[in-house]
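A.B. asks: My questions are about this predicted structure, shown below with the sequence.
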Amino acid sequence: MSNLAKLPVTVITGFLGSGKTTLIRHLMQNPGGKRLAIIVNEFGDVGVDGEILKSCAIPDCPAENILELANGCICCTVADDFIPTIEALMALDPRPEHILIETSGLALPKPLLKAFDWPDIRSRITVDGVIALADAEAVAAGRFASNVAAVDAQREADESIDHETPLSEVFEDQIACADIILLTKPDLAGDAGLAKAKAVIAAHAPRPLPVIEVGEGVVDPRVILGLEAAAENDLEARPSHHDDAHDHDHDDFESVVIDLPEQADPADLIARVERLANEMNILRVKGYAAVSGKPMRLLVQAVGARVRHQYDRPWAPDEARQGRLVVIAEHDDIDETAIRAVLAG
């Protein structure tokens, strides 16, 4: 079977809060004539992004075409989760014409590409391309890019430090694995920030890569779908910090799921989310809340202390008005009791 007969899959990767779910929502609404299916690989026991996307389902991407894999990276659970999920999507009638995979923001993309080498699926699907999203403002500020001088200084001061931080490695691995980089939130970065972010990406990319500025996930699907990169056959061109490792470790990060009662004041909730970042080094908060007297659900997305919120859809008549937030941080920064205390007010 030739590559042209295989079902194309696009892997969408990017750091925490870079805009992956926003991009996929846009592609769902603008599929370029393709019938889409989506796999969401969440970090943590309970997924949020999959539920958010299902609320946006349309005929070209109905809810049954959106599947969620929580509490386990795809590449670590190929036989148990990934292959059955792919087979379930391919068995749909009508069959999807293109699959999008949203990786966890903490995922290393290269091990996922290796999963496509499994005999059960290699003959039937191909990786059309890897799309990496990068938050322009954050990259320009140096939050997720390595600082060689600082690392060298740390090595001299502490012999136990012989590698870059996990956050830097994740960022660099995502860039190195990509076919196209989408530079998101350009309005927050400004012209100088965009230029700096592009310079950082160019410095870490193993080969020249197209970089496209994208606001609110709006990009022509023809630009990122149909690349025919066959990335599963091109692994040598996508170097990783972990190429010599037999496996990869997800223990650097941890998540806590917090159920919330109805909130009287959304501004107070947002202030508490900001406190998590400022006082506990929380990386990411995402989820939704019920607000007293409001028929709409409040969607909450936070990257560090930068919090965005909006009412995204009405609560269903038979749906419990129960809020839920997923809080993600590096392992040493997670204090579940303290997090619950802050969010409880």
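C.D. replies: Sure, I can see it. Values in this document were obtained by computation on a predicted structure and should not be read as measured data. Numbers count the residues shown, from 1 in each chain.
A.B. asks: Might you quantify the distance of the longest strand anywhere in the chain from its chain's geometric centre?
C.D. replies: The longest strand of the chain (DSSP state E) is strand 125-135. Averaged C-alpha coordinates place strand 125-135 at 11 Å from its chain's average position (CA atoms, centre = their mean, to the nearest Å).
A.B. asks: Now do the same for the helix or strand just after it: mean pLDDT, whole number.
C.D. replies: Using DSSP states H and E, the helix or strand that directly follows strand 125-135 along the chain is helix 136-140. Taken as a whole, helix 136-140 has a mean pLDDT of 90.
A.B. asks: Can you list the strands that the longest strand of the chain pairs with?
C.D. replies: Its sheet considered, strand 125-135 pairs with strand 7-14 (parallel), strand 180-184 (parallel) by DSSP bridges.
A.B. asks: residue ranges for the strands of the stretch 51-200 of the chain, please.
C.D. replies: With DSSP state E, counting those that start in this stretch, the ranges of strands along the stretch 51-200 of the chain come out as 66-69, 98-102, 125-135, 180-184.
A.B. asks: Any idea which of the ones you listed gets closest to Asp243?
C.D. replies: strand 125-135 (16.0 Å; CB to CB). Yep, even glycine has a C-beta here, placed from its N, CA and C like the rest.
A.B. asks: now that closest one and strand 98-102, what's the angle there?
C.D. replies: 40 degrees (axes from the mean of the first three to the mean of the last three CA atoms, to 10 degrees).
A.B. asks: Low-confidence stretches in the stretch 1-150 of the chain?
C.D. replies: Under the criterion pLDDT under 70, the flagged ranges of the stretch 1-150 of the chain are 1-4, 42-63, 68-81, 106, 119-120, 144-150.
A.B. asks: For it, just list every one of the helices.
C.D. replies: 20-29, 49-54, 83-90, 109-115, 119-122, 136-140, 148-157 (DSSP state H, counting those that start in this stretch).
A.B. asks: now the angle from the first one to strand 180-184?
C.D. replies: Here helix 20-29 runs at an angle of 110 degrees relative to strand 180-184 (the same axes, to 10 degrees).
A.B. asks: What is the neighbour count of Ile334?
C.D. replies: Ile334: 18 surrounding residues under other CB atoms under 10 Å.
A.B. asks: okay, it: pLDDT?
C.D. replies: Turning to Ile334, the model gives it a pLDDT of 81.
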